[in-house]
Every structure is written in C-alpha cells, then in structure tokens.
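Student: Based on what follows, work out the 3D shape:
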Amino acid sequence: MADLNGGIVGVDNAPFDADQDAVITTFNSSGTFTAATYTTQATVLVVAGGGGGAAVIGGGGGAGGYREISNHPVPSSGVPITVGGGAASSSAPNSPGANGANSVFGAASPITSTGGGGGNGDGAAAAGNTGGSGGGANGNPATGGAGNTPPTSPSQGNNGGNSIGSGGGGGGGAGAVGVNGGAGHPQNAGAGGAGTASSISGSSVTRGGGGGGGTVASDGNPEYSAGSGGAGGGGEGGNGTPGGDGTAGSTNTGGGGGGGSYSYPSMIGGAGGSGVVIVNEAAVGTVNTSGIWDMNALYDNVKAGTWV
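Tutor: Reported below is the predicted structural model:
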C-alpha cells in the first residue's frame, strides 16, 4: 500500500531511532527503575535531601548533593532507587539543624548524592554541618560547613557561608557557595547559594538551592535583612519579626531550609526539601522492533548506514 509520500508500507523489523523517543522517568520517592529493552546507558540526575536550617539566628541548610551523570550503564534488571528526604525543621537553640538524607541510583556502581548539611544554631560558635552542600554558620563568628563531602568529581555541592557578624550564613547550593552572614551590616543574614539548572526532563529546571540565614529581631530596622533562599528551592531565612520563621526548602528540589530568626516565638529553622532522581533513556544507536516500515524510511536508513 502506498503512503502519502509515495513510500511502500509493509511489515518487517523496523529501525527504531531512540534519539527521537527518549523515555524520561522521574522518582519523587523511592522505588525501582526498569529500563526499556533497548537501553544500555542513560543520563541520570540524583539530588539528595536538603539540610535543615538551624533555629535562633540560624545558618541556612545546605542543598542536597547534586550529581548528573551522562552515559551511565543501566542493567537490564530492576534498579533500586532511593530518594532522600529533607531534614526536619529545628526549634532547639544552640544546636545545628539536621542533615538531609542521601539519594542513590542503583546498587552496582551506584550514583550516590549526599544529604545537605544542617545550618549551625546560635551560641554554638561552630561550623555548619558538612554534606552534599554545607550548612551556613550561626550568628556568632563561625565557619560554614564544607560541601562536596565526601568528595565527588564533578563536585556535588558547595560550602556554606561563614558568619562574620550576628546574621546567619547562607547554606551552600549546588552551583554556588552560601553568602556570608554579616556582609554589609553585622545583623544581615547571608543568602543561600544558587542551585544548578538541568534540562534532563525536557525543559530547564533549577534544583539544589541553599537555605538563607536567619537574622536578629529587626525592631523595624530595614537594615536587618534575612537571607533569601538560593535559586532552585532554597528556603528563606527568618526575618526577625513575629511569624518570621525560616521557611522549608521546596519539595523534590533538595533545597536547604532557611535559618530561624531571633524574635520570640519565631525562632524555628525551616525543613529541607526532599530530593529527586530522574532517568533519561535517550537513544544509544538503533534497535530492531517488529512493526511497520515504509520505503522512504528504509532508503534513508540504508543511506545513513543505520539499517540493521
């Protein structure tokens, strides 16, 4: 039978161009991935859960570790997927926020992204927690937590911001370090580090933003600014007014939680955002499938040397 282009349509083993038929699977929670029959490699994005912001002039939580790997081998059998949860919110003073949980693709040759580090709480005068990205320091002079811990190449994250005044440092992001607290004014809090954009799902989406640091009671003083959340799901820091708790990182972005402020009773640090795992089964060459072909397509494939 003739098609509209004059080709002859028949039944045979037709070449399937998987480049034009990419399969994208998104895991917002843990599960099992089963590859299509033609898949031997895939691009995989693994984002861990974000760290929690600390309470009471707290440093922002670090973003969950962020790793995107191209041409990763995919086994034919089921692949276990772990999506890390974000750290819980924190209300305990003088203690750091909790770390987020790891996200993992696979068991053999796994891709593991480490949970984001929690921010540090006021009074501890200690560094933010280490993690995929590090947590921000607290309102005492202190150092932000180290990111890319344990180290991966390329790096899975960045350091949290220091505190050089009274404001909390921002949590590190997948794409940038957290901003130091106390910059420009001693009570200013640092912004969370920016995340990283990916088009693995077909359109550009930014994930892995660090949480902003919390500030002291503003008393109506506009100079006391809270740290904004980093682009990619980072939570905002507490702004020093009643009801101005740190906000949570966005779900399935691995964003860090915002640090709490110092304005009773609003001292709570925000929870970290949960992680995500995305698999893009783009084509690797050409495969046979039983179906319908036309002579025009056959000619094009023979000419290109892709008919098998």
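Student: quick one: Ala226 from Gly212, how far?
Tutor: Using Cβ to Cβ, to the nearest Å, Ala226 is found at 6 Å from Gly212. Every residue, glycine included, has its C-beta placed from N, CA and C.
Student: tell me, what's touching these two both at once?
Tutor: Residues within reach of Ala226 and of Gly212 at once, by Cβ atoms under 8 Å, 6 or more residues apart in numbering, are 189, 236-237, 258.
Student: who's more crowded, Ala226 and Gly212?
Tutor: Gly212 (45 against 31; other Cβ atoms under 10 Å).
Student: The residue lying closest to the more buried one once chain neighbours are set aside - how many residues pack around it?
Tutor: Leaving out its chain neighbours, the residue that sits closest to Gly212 by Cβ to Cβ, 6 or more residues apart in numbering is Gly227, at 2.9 Å. By other Cβ under 10 Å, 40 other residues sit near Gly227.
Student: just Glu236 next, same as before
Tutor: 28.
Student: give me the element it is part of.
Tutor: Using DSSP states H and E, Glu236 falls within no helix or strand.
Student: residues contacting it?
Tutor: Shown in contact with Glu236 (Cβ under 8 Å, 6+ apart): 211-212, 226-229, 246-247, 258, 270.
Student: tell me, what residue is most central in this structure?
Tutor: Gly208 (3.2 Å; Cα atoms, centre = their mean).
Student: That one is in contact with Gly254, isn't it?
Tutor: Yes. Between Gly208 and Gly254 there is a contact under Cβ atoms under 8 Å: 5.0 Å.
Student: okay, and the common contacts of these two?
Tutor: Listed contacts common to Gly208 and Gly254 are 47, 63-64, 66, 174, 195, 233; contacts here mean Cβ under 8 Å, 6+ apart.
Student: Can you pull the phi/psi pair for the closest residue in space to Gly118 that isn't next to it in sequence?
Tutor: Spatial nearest neighbour of Gly118, excluding adjacent residues (Cβ to Cβ, 6+ apart): Gly97 at 3.2 Å. Main-chain torsions, Gly97, degrees, to the nearest 10: phi -70, psi 160.
Student: what do you get for Gly31?
Tutor: Backbone torsions for Gly31, taken as degrees, to the nearest 10, come to phi -180, psi -160.
Student: okay, now it: neighbour count?
Tutor: Close neighbours of Gly31, defined as other Cβ under 10 Å, add up to 15.
Student: Max pairwise distance over the shared contacts of Ala226 and Gly212: which two?
Tutor: Based on Cβ to Cβ, the longest span within those runs between Ala189 and Glu236 and measures 9.8 Å.
Student: Now the common contact residues for these two.
Tutor: 212, 226-227.
Student: As CSV, the residues you listed with secondary structure and distance to Thr25 would be great.
Tutor: Converted to CSV, these look like this (DSSP: H, G, I helix; E, B strand; the rest coil; distance: Cβ to Cβ, whole Å):
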residue, secondary structure, distance to Thr25
Gly212, coil, 32
Ala226, coil, 37
Gly227, coil, 35
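Student: From these, pick the one nearest Ala87.
Tutor: Scanning those for proximity to Ala87, where the rule is Cβ to Cβ, the winner is Gly212, at 15.4 Å.
Student: you'd agree that closest one is up against Ser225?
Tutor: No. Counting by Cβ under 8 Å, Gly212 does not reach Ser225; the two are 9.6 Å apart.
Student: got any residues that touch both of the two?
Tutor: Shared contacts of Gly212 and Ser225 (Cβ under 8 Å, 6+ apart): Ala189.
Student: what are the phi and psi angles of Thr25?
Tutor: The phi/psi pair for Thr25 (degrees, to the nearest 10) is phi -120, psi 130.
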